[in-house]
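A.B. asks: whatever this is, show me its structure:
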Amino acid sequence: MKFLVISDLHGNSQRIEQLLSQIQDPAPDIIVICGDLTHYGSTSDSADILKKFSTSSTPIFFVPGNLDPISLQDQVKIAHTTNLHGRRVEFNSYIFIGIGGSIYTPFHTRFELSENEITTLLDTICNQLPEKSRHILVSHNPPYDTRLDVTASGKHVGSKALRNFIITTQPILVMCGHIHEASSIDQLNNSVLINPGPLFDGYFGVVEIDQNNNIQANLCRL
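C.D. replies: Predicted coordinates:
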């Protein structure tokens, strides 16, 4: 299964069109959007962006970012598109789990959660998660103390609740964004982690999973 992984679009239509023109051959099996579709845009703006990706039958899984409207959680219904925030969805024998927004920031952005809220939400989603399940986490916020959450000043600003969840449940793959300068691939125990970097700056990722759950992750740029 081939994933196109993008994050932090910030409403840049030119980059979206540029990306869509390059991914048709071969097309991905699934498109994953890790939040910040807009830059303080409206629900309608978010829907317009999602519609650009939904012109084919390729499934789209997304979570809202901290700059997206909270209403995006339940007010956008677009063909082939699934909002994963606070949900557990089965697809192609994998279980997808989603967490949108970010932990609290100094900027008091639209959609922020405390670490306790993230823990509670994850516990609720993953109640009775099948043993040895093949689950995949899609988050806007990266986990704490990884390559994916390092700011330009060298500070780790990711979520400790997400890190604990990854260590405890061991998803095979974690896809996130939020920290623009931390485009990278990492590993936490057996979990492969990817922050593709911001699409508004031309960054995206491609991940492939074979039948034996071997994962090949690549960082790309337009």
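A.B. asks: all the strands of the chain, residue numbers only.
C.D. replies: Counting by DSSP state E, residue ranges of the strands within the chain are 2-6, 30-33, 60-62, 81-83, 88-91, 94-99, 102-103, 112-113, 135-139, 173-175, 184-188, 191-195, 203-209, 215-221.
A.B. asks: can I get these in TSV including mean pLDDT?
C.D. replies: What follows is those, written out as TSV (pLDDT from 0 to 100):
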stretch	mean pLDDT
strand 2-6	97
strand 30-33	97
strand 60-62	97
strand 81-83	94
strand 88-91	94
strand 94-99	96
strand 102-103	98
strand 112-113	98
strand 135-139	97
strand 173-175	98
strand 184-188	98
strand 191-195	98
strand 203-209	97
strand 215-221	97
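A.B. asks: out of those strands, flag the one nearest Ile70.
C.D. replies: Ile70 lies closest, by CB to CB, to one member of the strands of the chain: strand 112-113, at 9.9 Å. Glycine gets a C-beta too; all of them are placed from N, C-alpha and C.
A.B. asks: what is the closest one packed up against?
C.D. replies: Counting contacts by 3 or more CB pairs under 8 Å, 6 or more residues apart in numbering; DSSP states H and E, strand 112-113 packs against strand 102-103.
A.B. asks: if we go to 10 Å?
C.D. replies: Here strand 112-113 touches strand 102-103, helix 115-125, going by 3 or more CB pairs under 10 Å, 6 or more residues apart in numbering; DSSP states H and E.
A.B. asks: before we move on, back to that, nearest to Lys51, out of the strands of the chain?
C.D. replies: Nearest to Lys51 among those is strand 81-83 (8.6 Å), distances taken as CB to CB.
A.B. asks: tell me which residues in the closest one are buried?
C.D. replies: Neighbour counts using 16 or more other CB atoms under 10 Å place Thr81, Asn83 of strand 81-83 among the buried residues.
A.B. asks: what's the offset of that strand from the middle of its chain?
C.D. replies: How far strand 81-83 lies from its chain's middle: 12 Å, per CA atoms, centre = their mean, to the nearest Å.
A.B. asks: what pairs with it, parallel or antiparallel?
C.D. replies: Strand pairing for strand 81-83, determined by DSSP bridges: strand 60-62 (parallel).
A.B. asks: not counting its own residues, what contacts the strand it pairs with?
C.D. replies: Here strand 60-62 makes contact (CB atoms under 10 Å, 6 or more residues apart in numbering) with 3-4, 6-7, 30-35, 37, 46, 49-50, 53-54, 68, 72, 76, 78-85, 87, 89, 91, 96, 98, 100, 136, 138, 140, 175.
A.B. asks: same thing but at 6 Å, please
C.D. replies: Identification of contacts with strand 60-62 by CB atoms under 6 Å, 6 or more residues apart in numbering yields Ile31, Val32, Ile33, Phe53, His80, Thr81, Thr82, Leu84, Phe96.
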